[in-house]
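K.L.:
Predicted model follows, preceded by the sequence.
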Amino acid sequence: MTPVGGGEEVLLQDGTAGELLTPGYWAEVLRGRGELRPGTVLISGTIPMREGVDQFAARWRVELADPATGNVIALAYDVVPMPEPAG
């Protein structure tokens, strides 16, 4: 979720870990493109965002929950844009 406007939160994603594409899937994609080489790093791990999401929002809040145990891991952070480069 991310706050918008006056602090209202909007649900951006809602799903399960089962919706993530497997590392094997991505290895095949890279292999098919001729890009699966030693030293290649692939960063992945999210389910699709809902349409119209502002992925450049100034504040984010995230929760991962285990429905079997009720345990929740949560975090929130503000995004601080870097200043324009000098020169």
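P.N.:
Everything's here; your move.
K.L.:
and the closest residue to Pro48 other than its chain neighbours, how many neighbours?
P.N.:
Closest residue to Pro48 apart from its sequence neighbours, by C-beta to C-beta, 6 or more residues apart in numbering: Gln13 at 7.3 Å. For the C-beta atoms, the positions are set from N, CA and C on the backbone; glycine is no exception. Neighbourhood size, Gln13 [other C-beta atoms under 10 Å]: 13.
K.L.:
low-scoring pLDDT stretches of this protein, where are they?
P.N.:
Residue ranges of the chain with pLDDT under 70: 1-7.
K.L.:
all strands for it, in order.
P.N.:
With DSSP state E, the ranges of strands along the chain come out as 2-4, 8-10, 59-65, 72-78.
K.L.:
Quick one: the helices in this protein, in order.
P.N.:
23-32 (DSSP state H).
K.L.:
ok, now which ones touch the residue nearest in space to the middle of it?
P.N.:
Nearest to the geometric centre of the chain sits Thr46, at 4.6 Å (C-alpha atoms, centre = their mean). Thr46 sits next to Gln13, Leu20 when contact means C-beta atoms under 8 Å, 6 or more residues apart in numbering.
K.L.:
What of the one 10 residues further on?
P.N.:
Remark: with contacts taken as C-beta under 8 Å, 6+ apart, Phe56 is in contact with Val79.
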